[in-house]
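> got a structure for you, letters missing:
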């Protein structure tokens, strides 16, 4: 059914994705996660989100202004935390773009996997990038690599404890999220 070469290529792409995700988190650990500034901001976000949750549980009409003020403080601290991470993410992005170009040239024109579905038309250009095949379930290196990396980075961050708490994620506003109008 699937050729031995395709299975080897698929496993190699998954392995490369795991290695690059681990390397990326290692670089982030050295440049960001172990710094005192990051630790202080992360603890502040966690404390503020827990405090906000407690206030919302016992919220009354009088507490509304306090809750809004607490939400603003949490958003500001979360934005600062994102800025600390953004500088090193830029360095990682440039490094991995070069690596991605090299790997893309190695797997250029190779079908590395068979998808169990037909991708949406707007994704087909990426899923079949540089493939001569007309089979829509054929998968290029770049598509499989992106899928693996996106799913593995989240898992690795959770396993290593580098991801913010759920309550902080739920309550905070990210750096690139537009501010909510009142």
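Cool, the structure landed. Since this is a predicted model, take the numbers as computed values, not measurements. Numbering: from 1, shown residues only.
> quick one, strands of this structure?
Using DSSP state E, the strands assigned to the chain run over residues 113-114, 138-139.
> So which of the ones you listed is the most surrounded?
The densest packing among the strands of the chain, expressed as mean neighbour count by mean count of other Cβ atoms under 10 Å, is seen in strand 138-139 with a mean of 22. Just so you know, the C-beta spots here come from the backbone N, C-alpha and C atoms, and that holds for glycine as well.
> I'd like the strands of the chain as a markdown table, with distance to residue 14 appended.
Putting the strands of the chain into a markdown table (distance: least, Cβ to Cβ, whole Å) gives the following:
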| stretch | distance to residue 14 |
| --- | --- |
| strand 113-114 | 9 |
| strand 138-139 | 12 |
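> Of all the ones you listed, which one is nearest residue 105?
Shortest separation from residue 105 across the strands of the chain is recorded for strand 138-139, at 17.5 Å, computed as Cβ to Cβ.
> OK, contacts around residue 26?
Contact criterion Cβ atoms under 8 Å, 6 or more residues apart in numbering gives no residues in contact with residue 26.
> Give the closest residue to residue 13 in space, chain neighbours not counted.
Nearest-residue entry for residue 13: residue 144, 4.9 Å, with adjacent residues in sequence omitted and distances by Cβ to Cβ, 6 or more residues apart in numbering.
> so what's the residue lying closest to residue 9 once chain neighbours are set aside up against?
Nearest non-adjacent residue to residue 9, counting by Cβ to Cβ, 6+ apart: residue 112, 4.1 Å away. Counting by Cβ under 8 Å, 6+ apart, residue 112 touches 6, 9, 10, 12, 13, 139, 140, 141, 144.
> For PyMOL, what selects the buried ones among these?
To isolate the buried ones among the contacts of residue 112 in PyMOL, judged by 16 or more other Cβ atoms under 10 Å, type:
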select buried, resi 6+9+10+13+139+140+141+144
